[in-house]
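> Let me see the structure of the following:
(one chain, ligands or ions: 1)
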Amino acid sequence: MSGQPARSWDALQAAAGLPRLDARALLEHVSGRPREWLVAHGDEPAIAPVAEQFDALAARRRAGEPLAYLTGYREFFGRRFTVNRHVLVPRPETEGLVEAALKHLPARQIAAQAPGSRAAVDIAAPLRVLDLGTGSGIIAITLALARSDLCLTATDASAQALVCAQANAERLSAPPIDWYQGDWWAALPPGTPRFDMVVSNPPYLADDDPHLDDPALRHEPTGALACGPQGLEAIEQIVAPILAHLLPGGWLLLEHGFKQGLDVRDRLTQAGLSEVVTLADLQGLDRISLGRRPCIPVWPEPVPV
Ligand code: GLN
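Predicted coordinates for the structure are as follows:
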């Protein structure tokens with residue numbers, strides 16, 4: 001027993017030294033109670049072990065640890081994804097990447113509803129979509145759940161990230177996804193068929209980017225954030241052989257730093273993609289670039305190297 005008088009939920013929140021929303025989220029987490037309950041019962045005492053757990057988490061939050069690592073989850077596209085220190089915390093910018101991916105996928109081809117049948121059925125072969133560097137799996141899982149006519153493959157260099165992603169897929173009842181561990185294209189087994197779309201939110205900071213020391217980023221896996229002296233190295237590895245991995249008419253969509261739009265568009269064009277554009281995020285900053293493999297088939301087909 002600590003001997004201290006029991007503290008109320010409101011008192012814990014007031015003494016946390018945190019923005020109100022952060023303190024609330026931690027209180028919801030330690031109490032297992034929804035926000036409405038905490039508002040209605042704020043003057044009731046919290047039992048000591050729960051109050052102590054709150055104090056410990058509040059101290060970690062004050063030191064900059066992302067809220068998502070403290071509660072163990074983050075919402076993405078309206079779903080709750082489990083996260084841990086092996087994966088990047090999902091960002092709202094990446095929701096823009098998923099929205100752009102959904103917009104650029106060919107329309108679903110469904111047969112008209114047959115008389116007497118309950119539902120229209122997909123008639124085309126599934127569209128093959130690849131998420132390179134899936135982390136917690138947010139992109140692959142959200143796409144797989146958005147359209148039943150997609151066949152998802154997802155890779156990551158980190159085995160622990162893949163464990164996290166697969167657990168998310170299972171918990172969210174996503175359709176089957178093919179998971180592979182390895183660096184970018186090397187993760188895919190030889191002979192993997194081409195894709196209709198490749199999506200990636202790769203690391204795009206330079207190794208010496210001072211932002212890596214920010215309290216906000218310090219706790220996230222460096223390998224998910226930074227990738228070399230320029231910050232463009234991962235993007236270059238993804239883009240250079242892209243023609244060999246896309247079907248004619250297929251799209252590549254990449255998230256990148258807000259100052260990298262021009263460089264990424266250059267790489268996409270040099271690699272042979274057309275319809276290259278950069279899209280802005282909610283703050284109006286360059287954030288996503290995309291390009292398309294021209295629809296005309298070429299012969300011989302580019303081969304993966
Ligand atoms: N694809 C994951 C995400 O968007 C992980 C990205 C990464 O680790 N760079 O959050």
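> Report how many residues lie close to the closest residue to the ligand within the chain.
Of all residues in the chain, residue 135 sits closest to the ligand, at 2.5 Å by C-beta to the nearest ligand atom. From N, CA and C alone the C-beta is placed, and that goes for glycine too. By the criterion of other C-beta atoms under 10 Å, residue 135 has 28 neighbours.
> didn't it look like it was pressed against residue 87?
Yes: counting by C-beta atoms under 8 Å, residue 135 does reach residue 87; the two are 4.4 Å apart.
> what residue ranges in the chain score low on pLDDT?
Along the chain, the parts satisfying pLDDT under 70 run over 1-3, 111-123, 304-305.
> again, only this time at 50
Across the chain, the ranges flagged by pLDDT under 50 are 1.
> what touches both of residue 135 and residue 87?
Here residue 135 and residue 87 have 161, 164-165, 224 as joint contacts, going by C-beta atoms under 8 Å, 6 or more residues apart in numbering.
> Is the longest strand along the chain in proximity to the ligand?
Assignment by DSSP state E gives strand 246-255 as the longest strand of the chain. No: using C-beta under 6 Å from any ligand atom, strand 246-255 never reaches the ligand; the gap is at least 6.9 Å.
> Which strands or helices does that strand pack on?
Applying 3 or more C-beta pairs under 8 Å, 6 or more residues apart in numbering; DSSP states H and E, one finds that strand 246-255 contacts helix 92-104, strand 195-200, helix 233-239, helix 261-270, strand 286-292.
> Next secondary structure element downstream of the shortest one?
Using DSSP states H and E, the helix or strand that directly follows strand 195-200 along the chain is strand 205-206.
> And the following helix or strand past that following strand, what's buried?
Following strand 205-206 in sequence order, the next helix or strand is helix 215-218 (DSSP H and E). Using 16 or more other C-beta atoms under 10 Å as the test for burial, helix 215-218 gives residue 217.
> Is helix 215-218 positioned near the ligand?
No: for helix 215-218, no contact with the ligand is found by C-beta under 6 Å from any ligand atom; the gap never falls below 11.8 Å.
> Contact partners for residue 208?
By C-beta under 8 Å, 6+ apart, the contact set of residue 208 is residue 229.
> let me fix that: residue 209
Shown in contact with residue 209 (C-beta under 8 Å, 6+ apart): 226, 231.
> What parts of the stretch 51-200 of the chain come near the ligand?
By C-beta under 6 Å from any ligand atom, the residues of the stretch 51-200 of the chain that approach the ligand are 88, 90, 94, 133-135, 138-139.
> out of those residues, which are buried?
Buried members of these, scored by 16+ other C-beta under 10 Å, are 88, 90, 94, 133-135, 138-139.
> Dump those residues to a markdown table, plus secondary structure.
Converted to a markdown table, these look like this (DSSP: H, G, I helix; E, B strand; the rest coil):
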| residue | secondary structure |
| --- | --- |
| 88 | coil |
| 90 | coil |
| 94 | helix |
| 133 | coil |
| 134 | coil |
| 135 | coil |
| 138 | helix |
| 139 | helix |
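> Widest-spaced pair of these?
90 and 133 (13.1 Å; C-beta to C-beta).
> Tell me which stretches of the stretch 51-200 of the chain form helices.
With helices called from DSSP state H, counting those that start in this stretch, the stretch 51-200 of the chain shows them at 67-71, 92-104, 138-146, 159-171.
> winner for burial among those?
Neighbour counts (mean count of other C-beta atoms under 10 Å) averaged over each of the helices of the stretch 51-200 of the chain peak at helix 138-146, with a mean of 25.
> Go through the helices of the stretch 51-200 of the chain and name the closest to residue 33.
Smallest distance to residue 33 across the helices of the stretch 51-200 of the chain (C-beta to C-beta): 13.5 Å, for helix 67-71.
> which of the shared contacts of residue 135 and residue 87 lies closest to residue 39?
Closest to residue 39, out of all of the shared contacts of residue 135 and residue 87 and judged by C-beta to C-beta, is residue 164, at 32.3 Å.
> need the contact list for the closest one.
Residue 164 makes contact with 82-84, 86-87, 135-137 under the criterion C-beta under 8 Å, 6+ apart.
> what's the neighbour count on residue 240?
By other C-beta under 10 Å, the residues close to residue 240 number 15.
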